[in-house]
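K.L.:
Pasting the sequence and the predicted coordinates here, then a few questions.
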Amino acid sequence: AQKVTQAQTEISVVEKEDVTLDCVYETRDTTYYLFWYKQPPSGELVFLIRRNSFDEQNEISGRYSWNFQKSTSSFNFTITASQVVDSAVYFCALSEGPGTASKLTFGTGTRLQVTL
Amino acid sequence: GAVVSQHPSRVICKSGTSVKIECRSLDFQATTMFWYRQFPKKSLMLMATSNEGSKATYEQGVEKDKFLINHASLTLSTLTVTSAHPEDSSFYICSASPARVADTQYFGPGTRLTVL
């Protein structure tokens, strides 16, 4: 069975600090996808990134970066120079297999609070 | 691109009535749509997977006769909560996968249902 663990329930940082959100996953599939979604207070989930299991290159998008380590089954998310607008719940998710729409297994989410 | 809408955003109904929630993919065709339920400060729980033109696949523990799902077209899926009770009060979120990026789900803004 697939499982996603986000051990950090809540994180509070001061604006401009860097923050890393941890995600550890379990799957028996050799081919899978990993995702990060942001859920601001409005409730809508915003897609941030998709990474397939064969691509271990780290990715950077503006202040966001992702570190995929297959050896430790982790897909961590770092926000550099955090801003108040980054305050949200962040979900890591895992889906099985490529090619067709697959079910997502979500972690329990990490609530990030960025204060001035 | 990849915008998903939900209607209504909020609904309050009396116990025993039925409520229909619509999920639309606005700028793409979605062969597969998903329905989730989210309790306060909790993660998303998949309720069912809906494929256009066929019966929905429900997750274990989800009553198919209570949560009726119809996916009549490539841009519209509906969830009807029949004979709603206060315990059905929740945040319901749909997602859709574009055929061109079948492995990625894009989420609607959610519908907050309150059953009195």
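P.N.:
Nice, thanks for sending it over. Numbers count the residues shown, from 1 in each chain, chains lettered A, B, ... in the order given.
K.L.:
Now do the SS call for A:Gln57.
P.N.:
At A:Gln57 the chain is in coil, as set by DSSP: H, G, I helix; E, B strand; the rest coil.
K.L.:
Distance of the residue nearest to it when sequence neighbours are not counted relative to A:Ala81?
P.N.:
Distances taken as Cβ to Cβ, 6 or more residues apart in numbering or on different chains place A:Phe68 nearest to A:Gln57, at 7.6 Å, with adjacent residues excluded. Using the backbone N, CA and C atoms, a C-beta is placed for each residue, glycine as well. Here the criterion is Cβ to Cβ, to the nearest Å. By it, A:Phe68 lies 22 Å from A:Ala81.
K.L.:
Pick out whichever of the two has more residues nearby.
P.N.:
Taking other Cβ atoms under 10 Å in any protein chain shown, A:Phe68 and A:Ala81 do not tie; A:Phe68 has more neighbours (20 against 12).
K.L.:
which stretch of helix or strand covers the more buried one?
P.N.:
A:Phe68 is part of strand A:64-69 when elements are defined by DSSP states H and E.
K.L.:
Show me what that strand is in contact with.
P.N.:
Outside strand A:64-69, the residues that touch it by Cβ atoms under 8 Å, 6 or more residues apart in numbering or on different chains are A:34, A:36, A:48-49, A:51, A:55-60, A:74-80.
K.L.:
try it again with 7 Å
P.N.:
Strand A:64-69 has contacts (Cβ atoms under 7 Å, 6 or more residues apart in numbering or on different chains) with A:34, A:36, A:48-49, A:51, A:56, A:58-59, A:75-80.
K.L.:
Buried residues in that strand, which are they?
P.N.:
For strand A:64-69, burial by neighbour count (16 or more other Cβ atoms under 10 Å in any protein chain shown) applies to A:64-68.
K.L.:
how near is the residue nearest the centre of chain B to B:His71?
P.N.:
For chain B, the residue nearest the mean C-alpha position is B:Trp35 (3.6 Å; Cα atoms, centre = their mean). B:Trp35 sits 10 Å away from B:His71, taking Cβ to Cβ as the criterion.
K.L.:
A:Glu15 too?
P.N.:
Per Cβ to Cβ, A:Glu15 is found 44 Å from B:His71.
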